[in-house]
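Novice: My questions concern the predicted model and sequence given below.
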Amino acid sequence: MNDQMNRDHNGCNRRDFLKLGAVAGLGSALGGIGSGGCASLPKTGSAQMPQHRPVETVRIGFVGVGGQGTNHISNLLKIDGVEIRAVCDIVEKKVVNVQQMVEKAGQPKPAGYSRGETDYQRMCEEEDLDLVYTATPWKWHVPICVRAMKTGKHAATEVPAAVTIDGCWELVETAEKTGKHCVMMENCCYGRSEMMVFNMVRKGLLGELIHGEVGYLHDLRAVKFSSGGEGIWRLAHSIKRDGNLYSTHGLGPVAQCMDINRGDRFDYLVSISSKSRGLNLYAAKHFGPDDPRAKQKYALGDINVTLIRTVNGLTITVYHDCSSPRPYSRINLVQGTNGIFMGYPDRIYIEGRSPERDTWETTEKYFDEFNHPLWKTLGQQAKSAGHGGMDYMEDYRMIKCLRTGAPMDMDVYDAAAWSVVSELSERSVARRGRSMNVPDFTRGKWKTNPPLGIVAA
Ligand SMILES: NC(=O)c1ccc[n+]([C@@H]2O[C@H](COP(=O)([O-])OP(=O)(O)OC[C@H]3O[C@@H](n4cnc5c(N)ncnc54)[C@H](O)[C@@H]3O)[C@@H](O)[C@H]2O)c1
């Protein structure tokens, strides 16, 4: 068999796979990365958007109530038609804290589950729930969502939905088999600026879309070395993995603008990482040069750049940098044939409309005209919620869709396409930037799936 025939569509042959396993050492401690080998070929089955009946009162079991989970609980307690029936965390006092929050909000005390890492399974078996919502560390998202769907519940997960290609397929296939929703809660799709851009794109202001430039550029050095919250688990990913580890915040909003999975789809990507310096330098400065954290070898390059091309010929660059001293940014650039929007700070140029050629405009007056209807209606009540209000918006919309039986704004195919970039980028980085095909999780339905509309409150 010649080399070409021996490869799957990610240019991955058995010899490469064995080497990659050895080089990357992407072990089960991080959720089984690498165990799937060249696992990106579509599996059997047919792509169907899950259908569901409206649920009048959404009974929720929540798994993982640390920083972000607790944020979601406070949002959910403000939304009509929600009951928090059960709460699960490996730390009992976090469960008790949420039980108290729920009782304070006037609901009965939810059942508590804190008998270890797999106690969510007992919750799924015992409780009569409509939705299991998880904000646990990344490696738990797939097993929790899968268990939820298999026990007859819809599933919602914090980002990323999965850290492996196999994990993405498992979510898609389980959602299809069970007919349940599996939503990845990408709050950045509900950012005020992102939603305005989406509205402008739908109204044709930017012309035909050509390119996006997005990313997750967030100085997480202190968080990664902290002894609480994400510090407990996130640093391990930087030790073992090199790629675009947190792609969905940047990618979600621009993918919606570009009708990914609804008229277009990600076709292939290439990915390259810089060397790794930031974490070692930070540890040496803060803990001393002889501290094990300063001597640790971190696989993750400080800056990863991934470049995606879609089937319809659009391009997107996705940056990842959580190890450098820098202000926060998701870049949020959308370029069309008629103009460009760019975030951080927001600015815009529309040919024939912007007063001066070659010069950015500020965006205030565009908000007057193009603010998304969801923000017009819910902006005030969302304001005090986490991440500038977008967390409230996403929780509100998911509950609304469950209560009305409407399709979710983001479905399991979006969860898979936006999340799969992490393992594909790792594979590309490990092969000197070789091109990796992105699986078509919709199995062809992207050609006929209707585009996302302008959703209302
Ligand atoms: N969308 C956003 O803007 C945003 C912001 C922060 C975090 N997140 C995501 O939310 C998730 C959680 O992040 P965080 O910052 O809240 O982390 P965290 O460490 O503060 O919270 C995680 C919680 O999960 C619990 N936990 C761990 N394993 C568990 C298990 N097997 N069963 C039950 N509980 C378990 C921990 O005890 C902890 O309370 C991550 O996926 C992260 O990427 C998203």
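Specialist: On my side now, so go ahead.

Novice: Quick check: the residue of this structure nearest the ligand.
Specialist: residue 66 (2.0 Å; Cβ to the nearest ligand atom). For the C-beta atoms, the positions are set from N, CA and C on the backbone; glycine is no exception.

Novice: That residue: what's its closest spatial neighbour, skipping adjacent residues?
Specialist: Nearest in space to residue 66, with sequence neighbours left out and distances taken as Cβ to Cβ, 6 or more residues apart in numbering, is residue 229 at 5.9 Å.

Novice: Same check on residue 157?
Specialist: Excluding its sequence neighbours, the residue lying closest to residue 157 (Cβ to Cβ, 6+ apart) is residue 141, at 4.5 Å.

Novice: any idea how far residue 310 is from the one you found?
Specialist: 25 Å (Cβ to Cβ, to the nearest Å).

Novice: who has more neighbours, the two?
Specialist: More crowded of residue 141 and residue 310, by other Cβ atoms under 10 Å: residue 141, with 29 against 21.

Novice: Let me see the mean pLDDT of the helix or strand where that one lies.
Specialist: Using DSSP states H and E, residue 141 sits in helix 141-150. What helix 141-150 shows for mean pLDDT is 98.

Novice: hang on, the earlier thing: test my guess that the residue nearest to residue 66 contacts residue 68.
Specialist: No. The criterion here is Cβ atoms under 8 Å, and residue 229 misses it with residue 68 at 9.3 Å.

Novice: Of the two, give the one with the bigger neighbour count.
Specialist: Per other Cβ under 10 Å, whichever of residue 229 and residue 68 has more neighbours is residue 68, with 20 against 12.

Novice: so how far is residue 416 from that one?
Specialist: 21 Å.

Novice: those strands in the stretch 301-450 of the chain, which residues are they?
Specialist: Taking DSSP state E, counting those that start in this stretch, the strands of the stretch 301-450 of the chain run over residues 304-310, 315-321, 333-336, 339-342, 347-350, 436-437.

Novice: could you redo the ones you listed as TSV and give each row distance to the ligand?
Specialist: Compiled in TSV, these are given as follows (distance: least, Cβ to the nearest ligand atom, whole Å):
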stretch	distance to the ligand
strand 304-310	17
strand 315-321	13
strand 333-336	20
strand 339-342	21
strand 347-350	23
strand 436-437	23
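
Novice: Same list, those, but as a markdown table with mean pLDDT and distance to residue 222 please.
Specialist: Below are the strands of the stretch 301-450 of the chain laid out as a markdown table (pLDDT from 0 to 100; distance: least, Cβ to Cβ, whole Å):
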| stretch | mean pLDDT | distance to residue 222 |
| --- | --- | --- |
| strand 304-310 | 98 | 20 |
| strand 315-321 | 98 | 15 |
| strand 333-336 | 98 | 28 |
| strand 339-342 | 98 | 28 |
| strand 347-350 | 98 | 30 |
| strand 436-437 | 98 | 33 |
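
Novice: Export those strands to a markdown table and append columns for distance to residue 449.
Specialist: Converted to a markdown table, the strands of the stretch 301-450 of the chain look like this (distance: least, Cβ to Cβ, whole Å):
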| stretch | distance to residue 449 |
| --- | --- |
| strand 304-310 | 14 |
| strand 315-321 | 19 |
| strand 333-336 | 21 |
| strand 339-342 | 25 |
| strand 347-350 | 29 |
| strand 436-437 | 20 |
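
Novice: surely residue 74 meets residue 101?
Specialist: Yes. Between residue 74 and residue 101 there is a contact at 6.9 Å, judged by Cβ under 8 Å.

Novice: Within range of the ligand, give me the residues from the stretch 51-200 of the chain.
Specialist: Applying Cβ under 6 Å from any ligand atom, we find that the stretch 51-200 of the chain lies next to the ligand at 63-69, 88-91, 94, 117, 120, 135-138, 140, 158-159, 187.

Novice: before we move on, what about the stretch 251-400 of the chain?
Specialist: Residues of the stretch 251-400 of the chain lying close to the ligand by Cβ under 6 Å from any ligand atom are residue 387.

Novice: Okay, helices next: where are they in the stretch 251-400 of the chain?
Specialist: Using DSSP state H, counting those that start in this stretch, the helices found in the stretch 251-400 of the chain span residues 278-287, 292-295, 364-370, 373-382, 390-404.

Novice: Need the mean per-residue confidence for the shortest one.
Specialist: Okay, so that is helix 292-295. When pLDDT is averaged over helix 292-295, the result is 98.

Novice: likewise the fourth one?
Specialist: The predicted model gives helix 373-382 an average pLDDT of 92.

Novice: what's the answer for stretch 76-93, then?
Specialist: Computed over stretch 76-93, the mean pLDDT rounds to 98.

Novice: mind listing what the residue nearest to residue 157 touches?
Specialist: Residues near residue 141 by Cβ atoms under 8 Å, 6 or more residues apart in numbering: 134, 157-158, 160-162, 167.

Novice: what do you get if the cut-off is 10 Å, keeping everything else the same?
Specialist: By Cβ atoms under 10 Å, 6 or more residues apart in numbering, the contact set of residue 141 is 31, 63-64, 134-135, 155, 157-163, 167, 171, 182, 184, 415, 419.

Novice: how near is it to residue 71?
Specialist: According to Cβ to Cβ, residue 141 stands 17 Å off from residue 71.

Novice: Can you list the buried residues in stretch 297-311?
Specialist: 298-311 (16 or more other Cβ atoms under 10 Å).

Novice: Now for the residues you listed: which two are most distant?
Specialist: Maximum pairwise distance in the buried residues of stretch 297-311, criterion Cβ to Cβ, is 35.2 Å, between 298 and 311.
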